[in-house]
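In: sharing a sequence plus its predicted fold:
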Amino acid sequence: MRWLLKFFLVSELHPGHAVLLTASCVVLGLWTLRYNPSELDSALGLLLVLQMFLASTGFVSRASAGHFDAVLVAGRPRRSAALAHWAVSVAPGVAGWIIVAVTALALGGAHAVSAVCGRRFVALAIVSNIAWIAGFRLPRSSAGVLWLALLVAVLLQHNLRALSMTISPAFGAWAWDILVLLVCPFVLIGDQPAVPPPVLAGAAALSCLAVWLVVSATSRLNVLLADRG
Amino acid sequence: MHVLELSAVSKAFGAHRVLNQAWLQVRRGEIVGLVGANGAGKTTLLRISAGLIRPDQGVVRWDSSLVRIRYFAGEATLPPQIRARRWAALFDVPSDERRRIGVLSRGTRQILGLRIALQGPPPDVLLLDEPWDGLDPPAARRLTERIRDWGAAGTAILISSHRLHDLDDVAGRFVVLEQGRCRVVREQGDGRVGVDRIADLVARGSRSNLPCLARRP
């Protein structure tokens, strides 16, 4: 597994400018926190949007170029390879998030705890997992573009607030609430209504289950070369 | 003992059937040359043999006790954005080349890919797709020697190439891929079938009937 992680790190799933952009967002977040520790959500929101693009690294498009042949040939554990690909894909965004969250904790921000182990962290987990899954068969960052377009469409119809307002214990329709969180995890940051813990756990578990299903499916994946028969 | 065995393997891409009930066996220490016209399905057959593509029908078997497979599909499959030295180091291959793979010459990329594929102890199965492409004569000679050495060491080797003379230097058995089927045209030690005869057989299945490529009367 260690070699697989190294393989995907060396494979540069994230281009240099994406890493630079992540670092810039982290610095901006830390700068914001320094002058106004209560602005944690602004810093995290920026990283969350970035993670939509970062985690969407595109497994199949790189595999179709033959770049992953060495780890996908028979006799190699394909599931481990896919899992390592997921880990490396989400790593920069998660690392940036942890730096900002831990700094906020150190500065005494009360709601920073949820950025490490609460609802804000669930938002990061959902964005990381869904962006990786949605981008599995697409070119790099495509899933981020599509997801953002969907969110903008929802925003333009003024449904985002309505969506976030549906999440409350009074509704009791947890399946709908979980779906709302999976489509728009941004409702988990900021001053939104409290989300029932089972809904949070359900959304996080579903996104992890979806990752595992995709990882398992790689054992049946046909790795065709894009330009050759 | 067959290390690699393809039984009645078929594969289609849409309406185009690339492989049609293809049978192929490679024994331990055997070097098999796979030839065929452009688009005959050689790369598809190699990728199925490497376990990268699942056949629509048929079975691919590897000797269950031997599963170390190396496959090199050509320099075009190396990631262009990575620095050559970094990529080589990943596979414990020393390299002084600091430039990105994409800016290297085709031959240099091919050598880098081959050095990675042919490093370390011999694997159980070696699959090479056009390995002599872009190599200068000394590099081609070294490659030929390495393939021979690994064949002698017991590696089952399947090579696809259009360079029939290079292939003839290493391969005992020749298989022509024609209309999706494997046809053995030369067995190990059969000196009667020369390279010219094999070239004729490949030409027969060639679809390159472009006017610009037609032979002048």
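Out: It's in.

In: longest helix of chain B, counting residues only.
Out: For chain B, the longest helix by residue count, based on DSSP state H, is helix B:137-152.

In: go through that helix and flag the buried ones.
Out: Residues of helix B:137-152 classed as buried: B:139-140, B:143-144, B:146-147, B:150-151 (neighbour count, 16 or more other Cβ atoms under 10 Å in any protein chain shown). C-betas here are computed from N, CA, C, even on glycine.

In: where are the low-confidence patches of the chain?
Out: I went with chain A, as the question did not name one. Within chain A, the segments meeting pLDDT under 70 span A:158-173, A:227-229.

In: my bad, chain B
Out: For chain B, applying pLDDT under 70 flags the ranges B:1, B:64, B:66, B:191, B:205-217.

In: which stretches of it form strands?
Out: B:2-13, B:16-27, B:31-35, B:57-62, B:69-72, B:125-129, B:156-160, B:173-178, B:181-186 (DSSP state E).

In: phi and psi next, for residue B:105.
Out: As for residue B:105, its main-chain torsions (degrees, to the nearest 10) stand at phi -70, psi 160.

In: now it: how far from residue B:167?
Out: 23 Å (Cβ to Cβ, to the nearest Å).

In: of the two, who's got more company?
Out: Neighbours per residue, other Cβ atoms under 10 Å in any protein chain shown: of residue B:105 and residue B:167, the larger number sits with residue B:167, 24 against 10.

In: is it true that the more buried one touches residue B:157?
Out: No. When contacts are counted by Cβ atoms under 8 Å, residue B:167 is not listed as touching residue B:157 (11.0 Å).

In: and residue A:38, how many neighbours?
Out: Number of residues near residue A:38 (other Cβ under 10 Å) recorded here: 12.

In: in contact with it, which residues?
Out: Contacts for residue A:38 (Cβ atoms under 8 Å, 6 or more residues apart in numbering or on different chains) come out as residue A:109.

In: how about it, phi and psi?
Out: Main-chain torsions, residue A:38, degrees, to the nearest 10: phi -80, psi -10.

In: so who does the closest residue to residue B:52 other than its chain neighbours touch?
Out: Using Cβ to Cβ, 6 or more residues apart in numbering or on different chains and skipping the chain neighbours, the partner closest in space to residue B:52 is residue A:223 (4.2 Å). Going by Cβ under 8 Å, 6+ apart, residue A:223 touches A:63-64, A:68-69, A:72, B:47, B:52-53.

In: for residue 148, which non-adjacent residue is closest in space?
Out: Let's take chain A. residue A:52 (6.3 Å).

In: not quite, go with chain B.
Out: What sits nearest to residue B:148 in space, not counting adjacent residues and going by Cβ to Cβ, 6+ apart, is residue B:170, at 5.6 Å.

In: try residue B:73
Out: Per Cβ to Cβ, 6+ apart, closest to residue B:73 is residue B:129, 4.7 Å.

In: report the beta-bridge partners for the one you found.
Out: Residue B:129 has these beta-bridge partners by DSSP bridges: residue B:160.

In: surely it is in contact with residue B:160?
Out: Yes. Between residue B:129 and residue B:160 a contact is recorded at 5.1 Å, counting by Cβ under 8 Å.

In: doesn't residue B:72 make contact with residue A:66?
Out: No. Residue A:66 lies out of contact with residue B:72 (Cβ under 8 Å); the separation is 9.5 Å.
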